[in-house]
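**Q** Build the 3D model from these lines:
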Amino acid sequence: MIKNYSFNKDYLLNKEKERIAELLGVLLGDGYMHKTNYTIVISGSIDDFDYYIYHIIPIFNRLFNYFPRIKKDKRKNSYYLTISNKQIFNFFHIDLSLKRGKKDDIKIPDFILDNKET
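**A** Model prediction:
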């Protein structure tokens with residue numbers, strides 16, 4: 001059975017700006033877009049476990065109907081989330097202009113910079 005991960009990107013960019021901005025911040029600070037496949041990885045210290053479980057994973061579920069996998073990296077004493085979904089990857093990569101691989105020349109999307117809410 002194929003799961004449906006459809007989402008309305010116009011709705012997300014208009015009605016869920018705050019949550020999208022938070023995910024962007026987490027991704028730009030602690031994550032990366034894989035160079036060759038459709039995977040997003042977010043890694044953090046052991047202290048970030050509750051934040052991932054009770055905040056970040058529910059945001060992905062709410063916005064994309066998707067539950068990222070969380071795994072412990074015993075070598076680094078940390079946790080990481082993996083999001084392996086082409087539609088979600090392309091939303092961040094194409095619609096929000098995040099680059100694959102090395103994070104250089106970072107561009108904040110206009111919808112965040114133009115946000116007039118306080």
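**Q** looking at this protein, which helix or strand is least sure?
**A** Lowest mean confidence among the helices and strands of the chain (mean pLDDT, DSSP states H and E): helix 110-113, at a mean of 75.
**Q** gap between that helix and the chain center?
**A** The chain centroid and the centroid of helix 110-113 are separated by 17 Å under CA atoms, centre = their mean, to the nearest Å.
**Q** For it, name the packing helices and strands.
**A** Where contact means 3 or more CB pairs under 8 Å, 6 or more residues apart in numbering; DSSP states H and E, helix 110-113 is packed against helix 17-30. To be clear about C-beta, it is placed using only N, CA and C from the backbone, and glycine gets the same treatment.
**Q** what are the C-alpha coordinates of the helix it packs on, in PDB please?
**A** Once non-C-alpha atoms are left out, helix 17-30 reads as follows in PDB (Å, rounded to 0.1, in the frame of the first residue of the first chain):
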ATOM      1  CA  LYS A  17       4.600  30.300   7.700                       C
ATOM      2  CA  GLU A  18       5.700  30.100  11.300                       C
ATOM      3  CA  ARG A  19       6.000  26.300  11.300                       C
ATOM      4  CA  ILE A  20       7.800  26.300   8.000                       C
ATOM      5  CA  ALA A  21      10.200  28.900   9.200                       C
ATOM      6  CA  GLU A  22      11.000  26.800  12.300                       C
ATOM      7  CA  LEU A  23      11.700  23.700  10.100                       C
ATOM      8  CA  LEU A  24      13.900  25.800   7.900                       C
ATOM      9  CA  GLY A  25      15.800  27.100  10.900                       C
ATOM     10  CA  VAL A  26      16.300  23.600  12.200                       C
ATOM     11  CA  LEU A  27      17.300  22.300   8.800                       C
ATOM     12  CA  LEU A  28      19.800  25.200   8.100                       C
ATOM     13  CA  GLY A  29      21.200  24.900  11.600                       C
ATOM     14  CA  ASP A  30      21.300  21.200  12.300                       C
END
